[in-house]
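**Q** here are the coordinates; sequence isn't available:
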Ligand code: AVI
């Protein structure tokens, strides 16, 4: 019979008020990308975006993981400890759980406790032989794996961190390297990372993915202003801003912006912020990499790119980084 442990490391949640006021006070107004997932409406919108024909990312990564699950499991090897940053991408991680040879345990790590716990219970009931240690933690910060909860007497061969969804691309280069370095520490010199990374491609495809015809990505972006109005006594007139998501070829990234249609003054939490006509709030970057870019980034953090799996159109990549 398997074991299911919950381990709450009491992650510090983002201080929405502080971050909003700080972001609106910058010369280039900006919000951190976590803001998209601040409320259930934003998270639900993202789930819908992932199913859009134009947003190729999710289905392509799932296909790559499913079609190469045996080869990926062979690279990871038997008796591995499977760690996942973020949790609940069932179509991505469950094929791997099914293919891995006698994994020691599965350790989903997520800051959203309730979601993590119900996901861990569901996964535990689906895989009665699998040990699961669900850890409530912020994987972007330093933390220790609860090794005392690991099943006793088992010989662990390898630790592997699954980091799917191309979330690495939402980080600046220095933040991405810092996260990979923290991951290397968590692995304690033993194992690797299985990481989904979106590839550089025809900007027309990128433009369609982030400017979808149903306007869901626009709603996803503008929803940040709605949340600020509701929670911080803001008076953003949502109709006076629009979603703008160009590809920046120099920096190799899609940038999401909220653009002010007019010159206006907005009040948030009792503070006034002035907008010029056309001024933007920069709400996200989504970096697109070449395999060489990823190789270079991995090496800067102490990993080696061991193997890459892609789809036939080379839209997306799943990569094994070895220590
Ligand atoms: C969460 N992240 C990987 C998504 C991306 O594609 O960068 C967020 C997103 N933003 C707009 N659409 C999707």
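**A** That came through, no problem. Only a predicted model underlies this, so the values are computations on that prediction, with no experimental measurement involved.
**Q** Please identify which residue in the chain comes closest to the ligand.
**A** Relative to the ligand, the nearest point of the chain is residue 286 (3.3 Å; CB to the nearest ligand atom). Bear in mind the C-beta positions are built from the backbone N, C-alpha and C, glycine included.
**Q** Relative to residue 299, how far out is that residue?
**A** From residue 286 over to residue 299 the distance is 23 Å, taken as CB to CB, to the nearest Å.
**Q** Who has more neighbours out of these two?
**A** Using other CB atoms under 10 Å, the more surrounded residue of residue 286 and residue 299 is residue 286, with 20 against 14.
**Q** how far away is the more buried one from residue 307?
**A** Applying CB to CB to residue 286 and residue 307 gives a distance of 24 Å.
**Q** Same question for residue 211.
**A** In terms of CB to CB, residue 211 sits 33 Å off from residue 307.
**Q** Now do stretch 305-323, average pLDDT.
**A** Per-region confidence: stretch 305-323 scores 98 on mean pLDDT.
**Q** How far away from the center of its chain is that stretch?
**A** The chain centre lies 17 Å from the centre of stretch 305-323; the measure is CA atoms, centre = their mean, to the nearest Å.
**Q** what does that stretch rub up against?
**A** The contact list for stretch 305-323 (CB atoms under 8 Å, 6 or more residues apart in numbering) reads 56-57, 60-61, 63-65, 68, 71-72, 75-76, 164, 166, 180, 184, 187, 189-199, 201, 205, 289, 291, 294-295, 298-299, 302-304.
**Q** do that again at 6 Å, thanks
**A** Contacts to stretch 305-323, defined as CB atoms under 6 Å, 6 or more residues apart in numbering, come from residues 56, 60-61, 64, 68, 75, 187, 189, 192-199, 291, 295, 298, 303-304.
**Q** Among those, which lie within helices?
**A** 56, 60-61, 64, 75, 187, 291, 295, 298 (DSSP state H).
**Q** pLDDT and neighbour count for those - can I get that in CSV?
**A** Below are these laid out as CSV (pLDDT from 0 to 100; neighbours: other CB atoms under 10 Å):
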residue, pLDDT, neighbour count
56, 98, 19
60, 98, 23
61, 98, 26
64, 98, 21
75, 97, 17
187, 94, 20
291, 97, 16
295, 98, 17
298, 97, 23
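**Q** how about those, which pair is most distant?
**A** 56 and 187 (30.4 Å; CB to CB).
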